[in-house]
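A.B. asks: model this:
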Amino acid sequence: MEAIKIKKLTKRYGKFRGIDKLDLTVNKGEFFGFIGPNGAGKSTTIRTLLGLISPTSGGAEILGMDIVKNKEKILAKTGYLPSEAIFYPEMRVKELLKFSADLRRKNCKKETARLCERLQLDTSRKISELSFGNRKKVGIVCALQHDPEIIILDEPTSGLDPLMQKEFFSILREKNQAGATIFMSSHILSEIQNNCTRAAIIREGRIIACDTVEALSRSSARRVVLRGAANLWELPGVRDIQVIEPFADDKNGLPNENTVSFLYSGDMKELLKILTEGEVQDLSITEPDLEEIFMHYYEEDQKEDIGYDSIHPLSRRRSEGGYRL
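C.D. replies: Residues are numbered from 1 along each chain as shown. Just a heads-up that it's a prediction; the model follows:
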C-alpha cells in the first residue's frame with residue numbers, strides 16, 4: 001500500500017504559483033527525501049497534504065485516505081514537524097509535551113522521556129527560555145512521541161548542532177525500521193543521501209526528478225575548486241567555470257596561481273590524472289549545492305559549453321596540450 005499518493009496536486013495563491021500538477025508516490029515503510037531550495041514548493045506540498053491549506057486542483061491520499069475528506073483521521077496517524085514550530089511561550093516543556101499527547105488522547109510518558117533523554121532536552125524550562133535549537137527539539141518530541149505511522153518533516157535539522165543532528169537521524173532510522181514511513185523535506189543534499197532510499201527533486205513547484213538516492217547521486221556533478229594550473233579544457237564534463245581570485249601573469253604570459261571553481265561530471269580518475277600532471281597548489285572536491293544539481297537536470301539538453309573567456313575574458317590562454325587554468 002502507498003503511504004502517500006499524489007495526483008496532479010496543484011496549489012495557487014491567486015496569480016502566484018505554489019505547486020503545479022505534482023504526481024508522486026511514496027511506498028509504506030520508505031524513508032523518502034523531498035529536495036528543493038527555499039521557495040521551491042516543499043512546504044506548500046506538505047501543508048496541502050496535511051489539510052492545513054486547501055488544494056486548488058488535483059488530489060492526494062495518505063495511508064489510503066483522501067486529504068480533504070479524511071483530514072482528522074490522517075492527522076491522528078501522522079507526526080508533523082514544521083520548519084519553524086511556534087509554541088505557547090509561558091508553558092514549560094513538560095506541560096507542552098503532555099498537552100500534545102493529551103490532544104491525541106494517548107499516554108506517551110515512556111516514549112516522551114526516552115526522546116527527551118536522547119535529545120538532551122530540559123523539560124523543566126519554559127518555552128520562552130529556549131534557544132531555537134531547543135525549541136526544535138520540542139517539536140521533534142511532539143512529532144514522534146505518539147509513535148505515528150507516517151512522519152512528515154519539513155527542514156527538520158535547522159537549529160540543531162551536529163551531534164544532535166546525528167542523534168536525531170539515529171532516532172528516525174529506528175522509527176523507520178520499526179515500520180514508520182518518513183517523508184522529509186530538505187535543501188541539504190547530504191541529509192538525503194545519508195538517510196533516504198528514494199528522493200524527489202522539486203523546483204519552481206514542479207517535480208523534475210524522482211529516483212533512488214543512488215541514481216540521483218550518480219547523475220550529479222561535483223564542485224571542484226582548484227588553485228594552480230592544469231590542462232582541463234579538453235576533459236569532458238568540465239563546465240560552469242568561475243574565477244574566484246584574479247590571476248597574476250608569469251614571465252611566459254601564462255596564468256600563475258589562478259583559483260577557479262567548476263562543475264565536473266566526468267570520470268573522477270581522468271580528472272585526478274590531469275591534476276597530477278599539472279601544477280596544483282590546493283584542491284577541494286565537494287558535493288555541489290542543490291541549485292547546481294537542478295542545473296544538471298534542467299540543462300542536460302543544453303549541450304553548449306560555456307567558454308572560460310565568456311566569464312573572464314583575460315583568463316583563457318592557450319598552452320601546449322590545451323588551456324591552462
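A.B. asks: how many neighbours does Leu216 have?
C.D. replies: Neighbours of Leu216 under the rule other C-beta atoms under 10 Å: 24. Every residue, glycine included, has its C-beta placed from N, CA and C.
A.B. asks: my guess is it meets Ile201, correct?
C.D. replies: Yes - between Leu216 and Ile201 there is a contact at 7.3 Å, judged by C-beta atoms under 8 Å.
A.B. asks: pLDDT below threshold where in the stretch 151-300 of the chain?
C.D. replies: Applying pLDDT under 70 to the stretch 151-300 of the chain picks out residues 218-220, 234, 245-257, 289-300.
A.B. asks: Which parts of it are strands?
C.D. replies: Using DSSP state E, counting those that start in this stretch, the strands found in the stretch 151-300 of the chain span residues 181-186, 198-203, 206-212, 222-229, 238-245, 248-249, 255-256, 258-264, 279-286.
A.B. asks: what's the most buried one of the ones you listed?
C.D. replies: Compared across these, strand 181-186 shows the largest average neighbour count, a mean of 25 (mean count of other C-beta atoms under 10 Å).
A.B. asks: Now do that strand and strand 198-203, the angle between them.
C.D. replies: 40 degrees (axes from the mean of the first three to the mean of the last three C-alpha atoms, to 10 degrees).
A.B. asks: Dump the strands of the stretch 151-300 of the chain into JSON lines; add distance to Met1 as well.
C.D. replies: Output for those, formatted as JSON lines (distance: least, C-beta to C-beta, whole Å):
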{"stretch": "strand 181-186", "distance to Met1": "10"}
{"stretch": "strand 198-203", "distance to Met1": "16"}
{"stretch": "strand 206-212", "distance to Met1": "19"}
{"stretch": "strand 222-229", "distance to Met1": "38"}
{"stretch": "strand 238-245", "distance to Met1": "43"}
{"stretch": "strand 248-249", "distance to Met1": "64"}
{"stretch": "strand 255-256", "distance to Met1": "60"}
{"stretch": "strand 258-264", "distance to Met1": "40"}
{"stretch": "strand 279-286", "distance to Met1": "39"}
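A.B. asks: Which stretch among those approaches Arg17 most closely?
C.D. replies: Arg17 lies closest to strand 206-212 among those, at 9.0 Å (C-beta to C-beta).
A.B. asks: packing partners for the closest one?
C.D. replies: On a contact count with 3 or more C-beta pairs under 8 Å, 6 or more residues apart in numbering; DSSP states H and E, strand 206-212 meets strand 16-27, strand 198-203, helix 290-298.
A.B. asks: what's the helix or strand for the residue nearest to Cys142 when sequence neighbours are not counted?
C.D. replies: The shortest distance from Cys142 to any non-neighbouring residue, by C-beta to C-beta, 6 or more residues apart in numbering, is to Ser100 (4.5 Å). Using DSSP states H and E, Ser100 sits within helix 93-103.
A.B. asks: Can you point out the buried residues in that helix?
C.D. replies: For helix 93-103, burial by neighbour count (16 or more other C-beta atoms under 10 Å) applies to Val93, Lys94, Leu96, Leu97, Lys98, Ser100, Ala101.
A.B. asks: Tell me how many other residues crowd Lys71.
C.D. replies: Lys71: 16 neighbours (other C-beta under 10 Å).
A.B. asks: which residues does it contact?
C.D. replies: Contact partners of Lys71, counting by C-beta atoms under 8 Å, 6 or more residues apart in numbering, are Leu50, Gly51.
A.B. asks: Check the gap between it and Thr181 for me.
C.D. replies: Distance, Lys71 to Thr181, by C-beta to C-beta, to the nearest Å: 18 Å.
A.B. asks: ok, which stretches of the stretch 51-200 of the chain are helices?
C.D. replies: Using DSSP state H, counting those that start in this stretch, the helices found in the stretch 51-200 of the chain span residues 71-76, 93-103, 109-118, 132-144, 162-177, 189-195.
A.B. asks: any idea which of those is most buried?
C.D. replies: Taking mean count of other C-beta under 10 Å, helix 132-144 is the most buried of these, at a mean of 21.
A.B. asks: neighbouring contacts of that one?
C.D. replies: 79-82, 85, 87, 93, 96-97, 100, 111-112, 115-116, 119-122, 125, 127, 130, 151, 153, 156, 158-161, 164, 168, 171, 175.
A.B. asks: average model confidence for that helix?
C.D. replies: Averaged over helix 132-144, pLDDT sits at 96.
A.B. asks: one step back: can you put the helices of the stretch 51-200 of the chain in CSV and add distance to Gln242?
C.D. replies: Shown next, in CSV, are those (distance: least, C-beta to C-beta, whole Å):
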stretch, distance to Gln242
helix 71-76, 46
helix 93-103, 46
helix 109-118, 43
helix 132-144, 33
helix 162-177, 29
helix 189-195, 20
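A.B. asks: can you tell which of these is closest to Gly41?
C.D. replies: Closest to Gly41 of the helices of the stretch 51-200 of the chain is helix 189-195 (C-beta to C-beta; 16.4 Å).
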